[in-house]
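**Student:** Below is the structure, and that's it, no one-letter string:
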């Protein structure tokens, strides 16, 4: 049965057709997701229906408080809820870092029964990790269609300047008022679109993992993400004009991406090398005391950067690979450890290596992967052929006046070049960049981004 999205009379989303036997452990979609117009005033009844209690901490930042937080607080207090306000003030943009997480934690009291995040990525993730740590349920009221994390159960955070991913919890209730979302600036909408466009890369990398390593790949999650991103591409003019239809298509795409995380309890369907590179930019810029670009905007730019490598690899002749030369040029373990500490810093490199021991391949395993790629190259070509033309992706971003180059994102050239070489090392998750590296082709493919080490 094909995946089908419907809404009831209360604007509650229902998703059917998600059952399959792919080998991934599936979890039920048991959360309440509402998309519609004029929903802020209904937040109290949604919470009452879910039975979350009456004492809450409301988390917002300066911008989201003005856009929706104040209204949500009023609706809650008028309905008899006791609200503790936690509005996080920053001179620049709020970051999901140690300080923000601590501010939310210290706002929670023994009387707190649930948390409510009014915001987009940073506010939601900061609330999410606190909900997980305290065992409290939380509600998410979206203010911008700028990222896909509303329905996620993973919290991307900044800990001592390092971008980390921590298991957390999905909101019990997600409320996306289309009137509120339409007030977001076009740059935030373009950011959300950039985050969605990266799913084409994530999907291809997941399928490569299945081909090369026998990784379980869920066809239901693939279908959900593919349908969502295709609908977005086909309706970009509606999105650019912020019509009701456009806002619904965009937030649906972002939420359905998050729902795949809910189903299989990981981000495989929605994040891969394009996210690794974007997250590397963020963590390094934060470490340097600079304000990073919006997450989705960075994902969009990095998607444009890596896309040509997929197209080039589809035309590759893997019979030319000299396995003896590849073996002779293998980086010794001590050199790789030094590279990781160079690329990610002493603390960050050590932490990533601890969390991803599978990246230290034996030659036997590397050779197996190379030979598998050679034997199943036609299947790899089919995966890449299913991606739309890069020109179409660029056209979508141009329609939204999105940032399309690292220069527009204020990414320094040395950071760009280093990120293209070290993005593959952020996690064990299989990507085209890992395959290129294992086949001894990565340096050749990255000649436009020279980066010397040693």
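**Tutor:** Yep, it's here. Predicted model, so just to flag it, every value in this text is computed and none were measured.
**Student:** Confidence-wise, which helix or strand of this protein is lowest on average?
**Tutor:** Lowest by mean pLDDT, DSSP states H and E among the helices and strands of the chain is strand 162-167, with a mean of 83.
**Student:** Show the subsequent helix or strand relative to it.
**Tutor:** Scanning forward in sequence from strand 162-167 by DSSP states H and E, the next helix or strand is strand 173-177.
**Student:** OK, contacts around the residue most central in space within the chain?
**Tutor:** What sits nearest the mean C-alpha location of the chain, by C-alpha atoms, centre = their mean, is residue 271, with 5.2 Å. Taking C-beta atoms under 8 Å, 6 or more residues apart in numbering as the criterion, residue 271 is in contact with 198, 202. Quick note: C-beta positions are derived from backbone N, CA and C, even for glycine.
**Student:** Could you look up the SS state of residue 83?
**Tutor:** strand (DSSP: H, G, I helix; E, B strand; the rest coil).
**Student:** still on that earlier bit, distance of the residue nearest to the centre of the chain from residue 154?
**Tutor:** Residue 271 is 9 Å from residue 154, where distance means C-beta to C-beta, to the nearest Å.
**Student:** and the longest helix anywhere in the chain, what does it pack onto?
**Tutor:** Taking DSSP state H as the criterion, the chain has its longest helix at helix 244-264. Using 3 or more C-beta pairs under 8 Å, 6 or more residues apart in numbering; DSSP states H and E, the elements in contact with helix 244-264 are strand 13-16, strand 32-36, strand 173-177, helix 178-181, helix 186-197, helix 219-234, helix 236-240.
**Student:** Please repeat the previous calculation with a cut-off of 6 Å.
**Tutor:** Contacts defined by 3 or more C-beta pairs under 6 Å, 6 or more residues apart in numbering; DSSP states H and E place helix 244-264 against helix 178-181, helix 186-197, helix 219-234, helix 236-240.
**Student:** Residue ranges in the stretch 251-400 of the chain under the pLDDT threshold?
**Tutor:** By pLDDT under 70, the stretch 251-400 of the chain contains no weakly predicted segment.
**Student:** quick one, helices of it?
**Tutor:** Remark: helices assigned in the stretch 251-400 of the chain by DSSP state H, counting those that start in this stretch are 273-287, 295-313, 323-328, 333-344, 346-355, 363-375, 377-385, 390-399.
**Student:** Of all the ones you listed, which one is nearest residue 237?
**Tutor:** helix 390-399 (6.6 Å; C-beta to C-beta).
**Student:** Report the inter-axis angle for that closest one versus helix 219-234.
**Tutor:** Calculated by axes from the mean of the first three to the mean of the last three C-alpha atoms, to 10 degrees, helix 390-399 forms an angle of 60 degrees with helix 219-234.
**Student:** And the contacts of the helix or strand just after helix 390-399?
**Tutor:** Remark: after helix 390-399, the chain's next helix or strand is helix 413-422, criterion DSSP H and E. Here helix 413-422 makes contact (C-beta atoms under 6 Å, 6 or more residues apart in numbering) with 277, 280, 284, 343, 406, 446, 449, 451.
**Student:** Residues in contact with the very next helix or strand once past helix 413-422: which ones?
**Tutor:** Once helix 413-422 ends, the next helix or strand along the chain (criterion: DSSP H and E) is helix 432-438. For helix 432-438, the surrounding residues in contact (C-beta under 6 Å, 6+ apart) are 273, 310, 366, 369, 424, 442, 445.
**Student:** buried residues in helix 432-438?
**Tutor:** By neighbour count on 16 or more other C-beta atoms under 10 Å, the buried set for helix 432-438 is 432-438.
**Student:** So for it, mean pLDDT?
**Tutor:** Here helix 432-438 scores 98 as its mean pLDDT.
**Student:** Please state the offset of that helix from the chain centre?
**Tutor:** How far helix 432-438 lies from its chain's middle: 21 Å, per C-alpha atoms, centre = their mean, to the nearest Å.
**Student:** which element follows it toward the C-terminus?
**Tutor:** Assigned by DSSP H and E, the successor of helix 432-438 is helix 442-445.
**Student:** Run through who's touching that following helix.
**Tutor:** Contact with helix 442-445 is made by 309, 436, as judged by C-beta under 6 Å, 6+ apart.
**Student:** Repeat that for stretch 276-290.
**Tutor:** Identification of contacts with stretch 276-290 by C-beta under 6 Å, 6+ apart yields 158, 161-163, 292, 298-299, 302, 411, 415, 419, 423, 426.
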